[in-house]
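Asker: From the sequence below, what's the structure:
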Amino acid sequence: MLPRPSRGPAPRSVRSSASLGALLVSDPLSVQDVARVLTIAAPPGDIVDWDATPEAYPVMTPTTESLTRLSATTTDGLEVRVFVKTIHSFRHWPMIEMIPPEQREAAITRFPWRTEALVYGSSLVRDLPDGLRAPRVYAIDDLGDDRVRIWMEDVPAATVVWDDDRYAAAARALGRLAGRTHRDGLPEDAPPLYAGLRMLWSMRISSQLVSTVRDEAIWRHPLMAATAEADPGLREDLLALAAEAPAILDQLDRLPHGLCHGDACPQNLLPDPDRDGGLVAIDWGFTAMAPLGADLVQLLAGRADSGELEAADMPHTEQIIFAGFLAGLADEDVAVDPAAVWAAFTGGLLVAKAFAALPVERLGGHFGEAAPEFFLQRARYARFILDHRRPPSTVG
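Answerer: Numbering: from 1, shown residues only. So this is what the prediction gives:
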């Protein structure tokens, strides 16, 4: 039985003017494609009905074209859910004008936007550490014109408490992921991966975020002026870090490397509906070979970016995840100096997150204006990161 859309095809483009800059985009999904994928995803039984619901996502995700959730019902009453993600080249990004004209062509040419699809199609995600898995992928379609559609398991984003045990378990799994590839190397079918922190530094941080910190006019905005009043040394310390960043990147290059998910924030580590305590890692578009400990950056920063984790709680959390990551390396019989892992973690945190901690994009314009307390909260977050410029007396 060929499935029929219960509400008709999803609209080609639906936009939201919400202050967070959410953007809804959805391509119509053909009945033939839906039937093909549901045949793979569904248990035995005919599909009697299905619908497609566009999903909101932040406009600042430049390689995401659309997110759609499929929900289908079989003749025996079972529900089948599929998540459909379409990715595309930078050149299709509606906000491409945010990249300075002299840098756009390089961004379009250099950014490996296909990485997520290539990783899902390789053995990299078929042999993950126990307790960590990727979503099941049903089909990957090259749509032409630098666009790829991924049809995958729709993993429920259940509400969970990120307590010490969950952080430790996630860090341990990430340590095992990095450790086994450090020990054994990548599989033969490993695709080209993201270039890591150097690419992020050259394409966004140094060219856009650092220049914002240098712009005196930005600091005259009332929210930034209040931030500077709360932490008078913040701008000076950020500019000092900008000068130090090339040396930090050089140091990171010399550290032992392993496979890094690249965006292992709590929001991308979902509870596994098939295993108590297990995790499903989504969004593999920044997968890279990176210094052992690099994945701890997003694991710590994810809930701070969203305002859920206060700077005052971050020292405790970082020690939990650092210990968990070392335990994961030990699980894989990988002996690495803990100081090297700490250097990878804190160096990555400084370069990747210190400048991004201040939400300057929320000073108005496309994204609306953030509340003053949110700005101050993020300033405390930036200060926490900057304090890692002073090495601790002990590691671990």
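Asker: now V148: how far from S66?
Answerer: To S66, V148 is 12 Å away according to C-beta to C-beta, to the nearest Å. (Each C-beta comes from the backbone N, C-alpha and C, glycine too.)
Asker: shared neighbours, those two?
Answerer: Residues touching both V148 and S66 (C-beta atoms under 8 Å, 6 or more residues apart in numbering): T86.
Asker: Return the set of buried residues in stretch 114-133.
Answerer: Of the residues in stretch 114-133, 114-122, 124-125, 128-129, 132-133 count as buried by neighbour count, 16 or more other C-beta atoms under 10 Å.
Asker: Same question for stretch 47-60.
Answerer: I47, W50, D51, A52, P54, E55, Y57, V59.
Asker: Give me the three-state assignment for L174.
Answerer: helix (DSSP: H, G, I helix; E, B strand; the rest coil).
Asker: doesn't H261 make contact with it?
Answerer: Yes. Using C-beta atoms under 8 Å, L174 is in contact with H261, at 6.7 Å.
Asker: what is in contact with those two at once?
Answerer: Common contact partners of L174 and H261 (C-beta under 8 Å, 6+ apart): D295.
Asker: which residues sit in contact with P43?
Answerer: P43 makes contact with T74, L78, V80 under the criterion C-beta under 8 Å, 6+ apart.
Asker: A294 too?
Answerer: Shown in contact with A294 (C-beta under 8 Å, 6+ apart): A178, G196, L197, C260, G262, A288, A344, F345, G348.
Asker: What about the residues you listed, which are in helices?
Answerer: A178, L197, A344, F345, G348 (DSSP state H).
Asker: Near the second one, how many other residues are there?
Answerer: Spelled out, it's L197. By other C-beta atoms under 10 Å, the residues close to L197 number 27.
Asker: Check T75 too.
Answerer: Using other C-beta under 10 Å, T75 has 12 neighbouring residues.
Asker: surely it meets A42?
Answerer: No. Under the criterion of C-beta under 8 Å, T75 makes no contact with A42, lying 10.4 Å away.
Asker: dump the residue contacts of the residue most central in space within the chain.
Answerer: For the chain, D263 is the residue whose C-alpha lies nearest the centre (C-alpha atoms, centre = their mean; 3.3 Å). With contact taken as C-beta under 8 Å, 6+ apart, D263 is in contact with D283, W284, G285, F286, Q298.
Asker: Does the fourth one belong to a helix, a strand or coil?
Answerer: Translated: F286. Going by three-state DSSP: F286 is coil.
Asker: Contacts only, for the residue lying closest to it once chain neighbours are set aside.
Answerer: The shortest distance from F286 to any non-neighbouring residue, by C-beta to C-beta, 6 or more residues apart in numbering, is to G262 (2.9 Å). By C-beta under 8 Å, 6+ apart, the contact list for G262 reads Y194, G196, W284, G285, F286, T287, A288, A290, A294, D295, Q298.
Asker: and of those, the nearest to P187?
Answerer: T287 (12.8 Å; C-beta to C-beta).
Asker: what's the burial count for the closest one?
Answerer: Look at T287: counted by other C-beta under 10 Å, it has 27 neighbours.
Asker: Next up, phi/psi of it, please.
Answerer: Phi and psi for T287, reported as degrees, to the nearest 10, are phi -60, psi 130.
Asker: My guess is it contacts C260. True?
Answerer: Yes. Counting by C-beta under 8 Å, T287 touches C260, with 6.9 Å between them.
Asker: can you pull out the strands in this protein?
Answerer: For the chain, strands defined by DSSP state E occupy the ranges 13-15, 22-25, 47-54, 57-58, 64-74, 79-88, 132-133, 137-142, 147-153, 257-260, 269-271, 279-281, 288-291.
Asker: tell me the most buried of those strands?
Answerer: strand 257-260 (a mean of 26; mean count of other C-beta atoms under 10 Å).
Asker: In contact with A41, which residues?
Answerer: By C-beta under 8 Å, 6+ apart, the residues touching A41 are V80, V82, R136, Y138, W151, E153.
Asker: The first one and L38 touch, don't they?
Answerer: Yes. Using C-beta under 8 Å, V80 is in contact with L38, at 6.3 Å.
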